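> Have a look at this fold, sequence not included:
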């Protein structure tokens, strides 16, 4: 029998342990499905469950529809036409991703409320007493608006890169064959970019299902809010697990639909030389309309909320004690930095393992760990807490022996939170590292080994230095995702441990919207910087 | 016998047919062997198995009385003392030419390292290029660095995977001559893989022709010509064979 492993060594052992630990908590959710149901769950199933399902369905479907509409139309404009401000819009349209939806949600609520800038201006400057109900955003359509505005860049960025790389001859031959721009769009562009649209839209859908901040703040009942409610409101973790399991089923269904929609179809070029699309120059009202459309969306999704946040920060500056604020910053940087470092280290080990192992097993095992990203934070929270309480029970005799005053040690520590981050965001780091490994291939490793260096030495002297870019980008991506994270941090943080995002969320929930702005602005600033960095970095890589 | 490959079988995971089927070959010290075959014939697999980058299903590999592989032993690539020149050279892009060559000399003392570096740079006539990075070199120069790097640790055997495939036609002729000189000067036993009969005829002392993982022919280039004469099939490179015969033998 042929050995599947080229060699079994420390790398293999550590990789298998990491994969197992990352995947284990999710199993506790599945087992939760089979425990007998209690009264709460029966009640929920009978009266409210359908409501969560319906709201979650409407939210995801409508958001997917609108993000595709906006994201794809902007991507097509940027990829095909030349108009004033195109170059600026090309990268600036990714910026809305730096605003976590819950921050966007409370900012818009603040602007549109009775005391907000819009109604006040109408009242005081124009003497118009408008019905406040017209400006109510705290409902299902409002949540859809917020998600669309702050998540459409997922569709936009993927589609834009994809469309820009399309061969010019493909589009040109469509035109020569007598199709106008609209027909070209619907008959050629749309079908060939289907895969990229689905990729972007499924990210959007997963984000919506994961989100807790917006729906909680706007009072829309979804799976996520229900998990929280039954856990904290009713103290019923069993029902939370059942809800989480149902939500996971929902996510798996979406992933299956995505796979089905993608199909086996892979469009690839029949020639190796791809000539990029030459831009069609727009002029007159068409140019103005194109630039206007881009700027309008960018204003709604970035400039207006950021301007409002800056205004509030200036108004409240000094009311938040600097010491406390710096403490939130420190906590944020600490958990984000620690999680990102661990994730990248683990990803390097698992990625190197995936390269060494042959066959289906080697492809499948690392894939398991990536699942975490599609599992909503609330589900992971339930899973991790359940697993850690079990672990603490197991370790209880040791705690007693070591003289601890309590037997709940790990499950109330920062370890719990960092573990949850690692499970949730491992995929982000891993994708980056995996791409890095793919890019350098195996020849350099093989060359190093034929020159006498073992696997570990080769890793440090060849793989690591060559993957610097992938390591840095993976680290930054994880870092900003942790920085913005809300549901996991809220549930799992140790007592009295606040980060920028939990503090922003708490202030906003307490209707201290202005006080929330300072922390929010810092989160947005750091994320936006990272996004700009990436854009420039990627652009250089592509050249 | 210097190198002995005995009844080696190998198939890639999930593949239905064997990439290499009962491959047996004995090589004398200093011999230059060419493995000739189309893509997918299993020719590169022979090199990867010898280098230890793949593990055979069965068989035996021996170099200079040391067993590299049998039922019980599998020597890791870093322990085999076999040099390899990769098809795309695999020069470490983050290291200079000198650092690339020194990479495999970590067991030597400092003075010895320096001396060896100079020697191999001279061998490949790149004395003035030590401080350059691989991307600052031409394709032909990169290949010479790859050879220098593989030769530097004094391997028992050097393996070259399609050494000319990345060079343009004009360079190929020139480099072929150079490579033959370098290999003979260094007196290293070598195996190179190619799909081009010209390369094989000019460079090799012996040619091994592979088809679907099995040996179709082993012999001197002139013997190969004889089989062509007998079968009436002409070699693909007209007029080149005669020239190569005078060149090598």
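Great, that's in hand. This is a predicted model, so every value here is computed, not measured.

> alpha carbons only for contacts and neighbour counts from here, please
OK.

> Just list the residues touching the closest residue to residue A:64 other than its chain neighbours, thanks.
Excluding its sequence neighbours, the residue lying closest to residue A:64 (C-alpha to C-alpha, 6 or more residues apart in numbering or on different chains) is residue A:201, at 5.7 Å. The contact partners of residue A:201, by C-alpha atoms under 8 Å, 6 or more residues apart in numbering or on different chains, come to A:64, A:67, A:68, A:154, A:155.

> same thing with residue A:295?
Per C-alpha under 8 Å, 6+ apart, neighbours of residue A:295: residue A:89.

> Show the backbone phi and psi for it.
Dihedral pair for residue A:295: phi -70, psi -40, per degrees, to the nearest 10.

> I'd like the distance between it and chain B.
Separation of residue A:295 from chain B (C-alpha to the nearest C-alpha, to the nearest Å): 42 Å.

> quick one, longest helix in chain A?
Using DSSP state H, we find that the single longest helix of chain A is helix A:322-356.

> could you point out which element follows that one?
helix A:359-370 (DSSP states H and E).

> On the pLDDT front, check residue A:503 for me.
According to the prediction, residue A:503 has pLDDT 91.

> so where does it fall, helix or strand?
Going by DSSP H and E, residue A:503 is in helix A:500-509.

> in the next helix or strand after that helix, what's buried?
Heading C-terminal from helix A:500-509, the first helix or strand you meet, by DSSP H and E, is helix A:513-542. For helix A:513-542, a neighbour-count test (16 or more other C-alpha atoms under 10 Å in any protein chain shown) marks A:513-521, A:523-524, A:527-528, A:530-531, A:535 as buried.

> So which residues of the chain form strands?
Reading this off chain A. Secondary structure of chain A (DSSP state E): strands at A:81-82, A:280-281.

> my question was about chain B
Going by DSSP E, chain B shows strands at B:3-10, B:20-27, B:32-36, B:58-63, B:66-69, B:82-85, B:157-161, B:189-194, B:206-211, B:214-219.

> about what we covered before: which helices and strands sit right next to the helix holding residue A:503?
helix A:101-112, helix A:322-356, helix A:468-484, helix A:513-542 (3 or more C-alpha pairs under 8 Å, 6 or more residues apart in numbering or on different chains; DSSP states H and E).

> The longest one vs helix A:468-484, what angle?
Compare the direction of helix A:322-356 with that of helix A:468-484 by axes from the mean of the first three to the mean of the last three C-alpha atoms, to 10 degrees and you get 140 degrees.

> Tell me if helix A:322-356 is near chain B.
No. Taking C-alpha under 8 Å from any C-alpha of the partner chain as the criterion, helix A:322-356 and chain B are apart, separated by no less than 10.3 Å.

> show me what contacts residue A:103?
Residue A:103 touches A:504, A:505, A:520, counting by C-alpha under 8 Å, 6+ apart.

> Pick out the residue nearest the middle of chain A.
Nearest to the mean C-alpha position of chain A, by C-alpha atoms, centre = their mean, lies residue A:207 at 5.7 Å.

> What score does that residue have for pLDDT?
Reported pLDDT for residue A:207: 88.

> ok, now residue A:122?
So, for residue A:122, pLDDT stands at 82.

> Setting the sequence-adjacent residues aside, check what's closest to it.
Nearest non-adjacent residue to residue A:122, counting by C-alpha to C-alpha, 6+ apart: residue A:128, 5.4 Å away.

> neighbours around that neighbour, how many?
Using other C-alpha atoms under 10 Å in any protein chain shown, the number of residues around residue A:128 comes to 12.

> From residue A:219, how far out is residue A:140?
Counting by C-alpha to C-alpha, to the nearest Å, the separation of residue A:140 from residue A:219 is 9 Å.

> These two: which has the busier surroundings?
Taking other C-alpha under 10 Å, residue A:140 and residue A:219 do not tie; residue A:140 has more neighbours (18 against 14).

> Please tell me how far residue A:143 sits from residue A:427.
From residue A:143 to residue A:427 the distance is 27 Å (C-alpha to C-alpha).

> If you check the stretch 101-250 of chain A against chain B, which residue is the closest one?
As assessed by C-alpha to the nearest C-alpha, chain B sits closest to residue A:165 within the stretch 101-250 of chain A, at 25.8 Å.

> Now the helices and strands packed on helix A:500-509 in CSV, please, with extra columns for distance to residue A:242 and mean pLDDT.
CSV is the format used below for those (distance: least, C-alpha to C-alpha, whole Å; pLDDT from 0 to 100):
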stretch, distance to residue A:242, mean pLDDT
helix A:101-112, 26, 92
helix A:322-356, 28, 91
helix A:468-484, 26, 88
helix A:513-542, 33, 82
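
> any chance of those in JSON lines, with distance to residue A:257 too?
Formatted as JSON lines, the helices and strands packed on helix A:500-509 follow (distance: least, C-alpha to C-alpha, whole Å):
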{"stretch": "helix A:101-112", "distance to residue A:257": "25"}
{"stretch": "helix A:322-356", "distance to residue A:257": "27"}
{"stretch": "helix A:468-484", "distance to residue A:257": "26"}
{"stretch": "helix A:513-542", "distance to residue A:257": "30"}
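
> Looking at these, which is nearest to residue B:199?
Ranking the helices and strands packed on helix A:500-509 by proximity to residue B:199 (C-alpha to C-alpha) places helix A:322-356 first, at 33.0 Å.

> between the closest one and helix A:513-542, how big is the angle?
Angle of helix A:322-356 versus helix A:513-542, following the same axes, to 10 degrees, is 30 degrees.

> mind listing what's buried in helix A:322-356?
Buried residues in helix A:322-356 (16+ other C-alpha under 10 Å): A:325, A:328-329, A:331-333, A:335-337, A:339-354, A:356.

> So what's the gap between it and the chain middle?
Its chain's average C-alpha position is 16 Å from that of helix A:322-356, according to C-alpha atoms, centre = their mean, to the nearest Å.

> for stretch A:29-37, same thing?
On C-alpha atoms, centre = their mean, the centre of stretch A:29-37 falls 28 Å from the chain's centre.

> Mind checking the pLDDT average for that stretch?
Rounded mean pLDDT across stretch A:29-37 is 75.

> Go ahead and confirm residue A:375 touches residue A:208.
No. With contact defined as C-alpha atoms under 8 Å, residue A:375 does not count as touching residue A:208 (11.4 Å).

> For residue 30, grab the count of nearby residues.
Defaulting to chain A. 18.

> Chain B was what I was after
17.

> repeat for residue A:65
14.

> hmm, who's touching the lengthiest helix in chain B?
Longest helix of chain B, by residue count under DSSP H: helix B:169-186. Contacts to helix B:169-186, defined as C-alpha under 8 Å, 6+ apart, come from residues B:30, B:123, B:124, B:140, B:164, B:190, B:199, B:202, B:203.

> ditto for stretch B:81-99
Applying C-alpha under 8 Å, 6+ apart, the set of residues contacting stretch B:81-99 is A:443-444, A:447, A:450-452, A:462, A:465-466, B:51, B:100, B:117, B:129-135, B:142-143, B:145-147, B:150-151, B:154-163, B:165-166.

> Which among the residues you listed count as buried?
A:443-444, A:447, A:450-452, A:462, A:466, B:51, B:100, B:117, B:129-130, B:133-134, B:142-143, B:145-147, B:150-151, B:154-163.

> Among those residues, which ones are in helices?
Using DSSP H, the buried ones among the contacts of stretch B:81-99 in helices are A:443-444, A:447, A:450, A:466, B:51, B:100, B:117, B:142-143, B:145-147, B:150-151.

> Let me see the contact set for residue B:37.
Neighbours of residue B:37 in contact, by C-alpha under 8 Å, 6+ apart: B:43, B:194, B:195, B:209, B:210, B:211.

> For chain A, what's its nearest residue on chain B.
residue B:78 (3.8 Å).
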